[in-house]
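A.B. asks: Here is a sequence with its predicted model. Questions after.
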Amino acid sequence: MELGEWARTRLSRIRANVSRNQHRHRSPRGRTATVLVFVLAGLMITVSAVAARGTDLRRDRSADLRDLIVSQGDRNAELQTRLSLLNDEVSALSAARPGSDDLSAALATAEEQAGLSAVVGPGLRVTLTDAPAEVKPAGVSDDALVVHQQDIQAVVNALWTGGAEAMTIQGQRVIATTGIKCVGNTVVLHGVPYAPPYVIETIGDVDDLRAGLDASEAVRIYRQYVDAYGLGYDVSSRDQIDMPAFQGSVSLPYSSER
């Protein structure tokens, strides 16, 4: 077959195929499947829009938690201020009652022992800080480079053992019901979040307080991390430390029965 004749034959076959494709009709099942696909896609888009309500469905939950902690901390600070004013009003009314001198003296003693009155005296200041940001030892977890709840608690316990008479953390008075909690990379004390450095001040005999720190096994372990990774640990004496009274509630929200 000559080249010209072969080309004409090939062109005729292509035209025939095109003509058949143009007249081919999709089956009812195929058209139904196509419609269902489009309906399902539209339904999924609608459900996502309703669930999001104009917000990002993949928003950072940790950011929400941080915002909640900060807002709750502000609320707690406001409530503590109101409580302080009410306590002052109660004290003034109690002092104005006739024949209440003995009762006032006993109440003052109880408040001082419970941490509900301001105190002044010599003592120690202990400051704990995270490792510098540029410290990134190979194979070491980031958790080993920051101050944790148990590190603060170790210092607090060592100071109480050393004869601490009164104590504050971040300027807040520590009492029998004080709890230290870690939330993310912050420490929450009495509902208020704090970031490092963490400052612990205590009133008492300076030599005994230092001895309490030196004798603590938990503090000794923390100081190993200080030497290895550069976490902060500073202990300094203070001739006078002014400590405020505890301003929060001393009631226990929960109790257990046995």
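C.D. replies: Here it is on my side, so go on.
A.B. asks: Quick one: list the elements packing against the host helix or strand of residue 75.
C.D. replies: Residue 75 is part of helix 61-95, with elements assigned from DSSP states H and E. The elements that helix 61-95 packs onto, with contact taken as 3 or more CB pairs under 8 Å, 6 or more residues apart in numbering; DSSP states H and E, are helix 101-114, strand 186-189, strand 192-194. Where C-beta positions appear, they are placed from N, C-alpha and C, glycine not excepted.
A.B. asks: Give me the contacts around the helix or strand just after the longest one.
C.D. replies: Using DSSP H and E, the helix or strand that follows helix 101-114 towards the C-terminus is strand 119-129. Around strand 119-129, the neighbours that count as contacts under CB atoms under 8 Å, 6 or more residues apart in numbering are 112, 147, 151-152, 155, 159, 164-166, 196-204, 206, 209-210, 213, 222, 231-243.
A.B. asks: Can you point out the buried residues in strand 119-129?
C.D. replies: 121, 123, 124, 126, 127, 128, 129 (16 or more other CB atoms under 10 Å).
A.B. asks: strands paired with it, and their directions?
C.D. replies: Neighbouring strands of strand 119-129 in its sheet, by DSSP bridges, are strand 198-203 (antiparallel), strand 232-243 (antiparallel).
A.B. asks: Just name the most buried of those strands.
C.D. replies: Each of those was scored by mean neighbour count; the highest is strand 198-203, a mean of 22, by mean count of other CB atoms under 10 Å.
A.B. asks: what's the closest non-adjacent residue to residue 206?
C.D. replies: Spatial nearest neighbour of residue 206, excluding adjacent residues (CB to CB, 6 or more residues apart in numbering): residue 237 at 5.1 Å.
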